[in-house]
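Undergrad: sequence? don't have it. structure:
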């Protein structure tokens, strides 16, 4: 787990379980704008991810490389400038309260520097942030589950039949 602490999310539905783990930090959004910018190796899966977010009614925005991949596959996306290369950037949208989720999988030294700026701004403005494509798909499944099901709370004993409560 990250240095911010550990959270246990239990549920019969994996999406709800993941959503529970996110609720204590920056909850998964149910609508809004998603910044999607990924390293080259993640672009094929980002297309699938982008298609699903758009199907759920989210609006996508991205920097040039990911935007090109999305557009080539018929997925609408708003183009943003890379940090220090013009405006508007993801940082501008974060500061203006126009982003609900960020998916950013950097590679190399320059993107890592940008990722640090993006991550700092996201945390400062309580925006949900995923830094791996696997995490982004887990978040997508969590969003789908939250839209369909109610989040419930049950004691651990209800999940594990061989555990007895004492006291």
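TA: Looks like it came in fine. Keep in mind that what you see is a predicted model, and the values were worked out from it rather than measured.
Undergrad: which residues does residue 77 contact?
TA: 36, 50, 60, 61, 62, 66, 67, 70, 71 (C-beta atoms under 8 Å, 6 or more residues apart in numbering). For every residue, glycine as well, the C-beta is placed using N, CA and C.
Undergrad: if I look at it, how far off is residue 147?
TA: 22 Å (C-beta to C-beta, to the nearest Å).
Undergrad: What of residue 140?
TA: On the measure of C-beta to C-beta, residue 140 and residue 147 end up 11 Å apart.
Undergrad: now do residue 91
TA: Residue 91 is 29 Å from residue 147, where distance means C-beta to C-beta.
Undergrad: Repeat that for residue 131.
TA: Residue 131 is 24 Å from residue 147, by C-beta to C-beta.
Undergrad: of these two, who's got more company?
TA: More neighbours surround residue 131 than the other of residue 131 and residue 147, with 15 against 12 (other C-beta atoms under 10 Å).
Undergrad: ok, that one touching residue 115?
TA: Yes: using C-beta atoms under 8 Å, residue 131 is in contact with residue 115, at 7.3 Å.
Undergrad: and for those two, which residues touch both?
TA: 104, 106.
Undergrad: mind checking how far residue 96 is from residue 66?
TA: 21 Å.
Undergrad: more neighbours, the two?
TA: Using other C-beta under 10 Å, the more surrounded residue of residue 96 and residue 66 is residue 66, with 28 against 10.
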